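Undergrad: Whatever this is, show me its structure:
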Amino acid sequence: MHAVRLTALALALLVAVTSAAHAKEKKKHGAGLHKAVAEKLLQAYDLMQKDQLDESLAIVDGLTKRKLTPPELAQVHRFRGYIYVNQGLQERAAQEFEESLAQQALDPEAMQVMTYSLAQIYTQLAKYDRALQLIDGWFAAEANPKPDAYYLKAMILVQQEKFDLALEPAKLAIETSESPRESWVQLLVAIYSQQKDYPNVAATLKRLVAMSPGNKKYWVQLSAVLNYLQRDGEALASLRLADEAKLLGEDPDLRQLSRLLFVRDAPFQCAQELEHGLANGTLKPDADAYRLLSNCYIAARETDKALEPLAKAAELSTDGEVYLLLGQMHLQRERYDAAIAAFERALPLAKPERRAPVHLLLGVAQLGADNFDGAEREFRAAQSDAKTRAAAESYLKYTAEERARQDQKKLLRVAAN
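TA: Below is the predicted model:
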């Protein structure tokens with residue numbers, strides 16, 4: 001569509017040049033198109049319209065066999081360039097347009113159109129230095145720049161990673177347009193992101209959301225930026241609106257929504273979202289998902305419901321921290337056998353510097369289960385670390401006293417019998 005639009009514009013100008021007839025122009029300026037040249041170009045144009053590009057190109061190439069004036073040469077190079085554009089040969093098109101401009105024989109309006117077209121082509125070819133040079137020249141000669149031109153300049157500067165310079169034309173592209181394109185606003189978001197101007201990233205993302213409310217990506221990005229800005233309430237509201245519109249159906253989206261619910265003191269709703277996602281397969285059943293589910297239940301004071309997902313998280317985890325937490329929860333409920341099992345699973349997975357606290361807790365669980373030998377063994381292991389040594393020695397003393405009391409009770413029962 002872009003190539004066709006350029007071709008139509010080029011030929012419209014060509015017809016305007018030839019319509020006055022070569023005689024009138026030649027007499028007045030000595031710079032018009034010869035009638036034969038104009039007729040050949042119009043013939044080539046008809047073939048181009050029929051998508052007979054090779055035939056059209058053959059006619060244009062044939063014109064170079066005759067002696068041409070600078071205006072004629074400029075039009076021939078220009079016409080050939082548009083044929084190459086339609087053929088997708090951007091490098092050749094750029095060469096032809098450069099040759100056309102070099103003649104310095106086009107009228108100012110045609111020069112502007114050619115300069116702009118060439119800047120677009122060089123942008124597509126990633127030759128940004130030349131593209132910027134051309135678009136700057138175009139702006140210098142243009143009384144009323146169009147919004148598309150501001151966008152093109154901003155795009156070129158972004159590709160050169162000149163984000164500070166790109167900001168102004170990117171803003172002007174939007175401000176000078178009655179209906180700015182979505183891609184223009186996306187570019188402004190990218191520029192603000194590179195500048196780490198997150199308040200303006202959020203404001204511009206809100207504009208994108210208004211332009212395309214069915215685009216999930218904008219809602220998710222907006223929520224993430226608002227969360228980074230510690231505007232958790234707005235971040236959660238954004239995701240909830242997207243969820244109500246049934247836009248959130250993937251694992252990362254549900255995790256983000258659940259975490260925000262947890263942060264915003266809505267743990268029960270957090271647990272519901274996670275349970276639903278795990279049940280329907282939307283949420284991957286990994287350690288993080290079960291750990292978050294357990295935390296939600298704990299925060300909702302549904303601690304019994306927290307145990308099962310925490311146990312699953314521990315099984316799927318690669319370290320012993322989750323088993324350690326699971327053991328502590330069982331220990332608090334005086335479920336000593338379950339606590340012992342969890343601590344024993346945590347011990348080989350724990351880092352060396354974290355093993356002494358596990359030994360200490362395991363000793364406490366063994367002591368609660370009246371397994372004095374096991375308790376003493378674990379407390380002695382905990383003595384090896386300076387941080388747990390004092391507590392371990394205290395527990396060893398208490399274990400010896402408790403063992404003595406238990407032995408005394410046994411003796412009393414034997415005596416009574």
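Undergrad: what sits against the nearest residue to Leu172 once chain neighbours are set aside?
TA: Using Cβ to Cβ, 6 or more residues apart in numbering and skipping residues adjacent in sequence, the residue nearest Leu172 is Tyr150, 4.3 Å away. No exception for glycine: its C-beta is placed from N, CA and C like everyone else's. When contacts are counted by Cβ atoms under 8 Å, 6 or more residues apart in numbering, Tyr150 touches 169-170, 172-173, 176.
Undergrad: let's see it at 7 Å
TA: By Cβ atoms under 7 Å, 6 or more residues apart in numbering, Tyr150 lies in contact with 169, 172-173, 176.
Undergrad: all strands of this protein, in order?
TA: Listed in chain order, the chain contains no strands at all (DSSP state E).
Undergrad: Can I have the buried ones of the contacts of Tyr150 as a ChimeraX selection?
TA: In ChimeraX syntax, the buried subset of the contacts of Tyr150 is picked out as below (16 or more other Cβ atoms under 10 Å):
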select :169,172,173
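Undergrad: Redo the contacts of Tyr150 as JSON lines? Include distance to Ala279 and pLDDT.
TA: Below are the contacts of Tyr150 laid out as JSON lines (distance: Cβ to Cβ, whole Å; pLDDT from 0 to 100):
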{"residue": "Pro169", "distance to Ala279": "50", "pLDDT": "97"}
{"residue": "Leu172", "distance to Ala279": "51", "pLDDT": "97"}
{"residue": "Ala173", "distance to Ala279": "47", "pLDDT": "97"}
{"residue": "Thr176", "distance to Ala279": "51", "pLDDT": "95"}
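Undergrad: Quick one: the helices in the stretch 301-417 of the chain, in order.
TA: In the stretch 301-417 of the chain, the helices defined using DSSP state H, counting those that start in this stretch lie at 303-316, 321-332, 336-349, 355-368, 372-382, 386-416.
Undergrad: and what of the stretch 1-150 of the chain?
TA: Taking DSSP H, counting those that start in this stretch as the criterion, the stretch 1-150 of the chain contains helices spanning 2-19, 22-28, 35-49, 53-63, 70-87, 90-102, 108-124, 128-141, 147-159.
Undergrad: Low-confidence ranges, the stretch 51-200 of the chain, go.
TA: By pLDDT under 70, the stretch 51-200 of the chain has no low-scoring segment.
Undergrad: switch to 90 and redo it
TA: Scanning the stretch 51-200 of the chain for pLDDT under 90 picks out 51-88, 90, 96, 99-100, 102-111, 114.
Undergrad: repeat for the stretch 301-417 of the chain
TA: 303, 317-320, 350-354, 384, 402-417.
Undergrad: Turn the helices of the stretch 301-417 of the chain into CSV, including mean neighbour count.
TA: As requested, the helices of the stretch 301-417 of the chain are exported to CSV (neighbours: other Cβ atoms under 10 Å):
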stretch, mean neighbour count
helix 303-316, 18
helix 321-332, 21
helix 336-349, 20
helix 355-368, 23
helix 372-382, 19
helix 386-416, 13
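Undergrad: Dump the ones you listed to a markdown table, plus distance to Lys216.
TA: Below are the helices of the stretch 301-417 of the chain laid out as a markdown table (distance: least, Cβ to Cβ, whole Å):
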| stretch | distance to Lys216 |
| --- | --- |
| helix 303-316 | 27 |
| helix 321-332 | 32 |
| helix 336-349 | 38 |
| helix 355-368 | 44 |
| helix 372-382 | 51 |
| helix 386-416 | 48 |
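Undergrad: picking that back up, the helices of the stretch 1-150 of the chain: which one's closest to Val185?
TA: helix 147-159 (10.3 Å; Cβ to Cβ).
Undergrad: List the buried residues for the closest one?
TA: 147, 149-158.
Undergrad: before we move on, what about stretch 256-269?
TA: Buried, per 16+ other Cβ under 10 Å, within stretch 256-269: 256-262, 266-267, 269.
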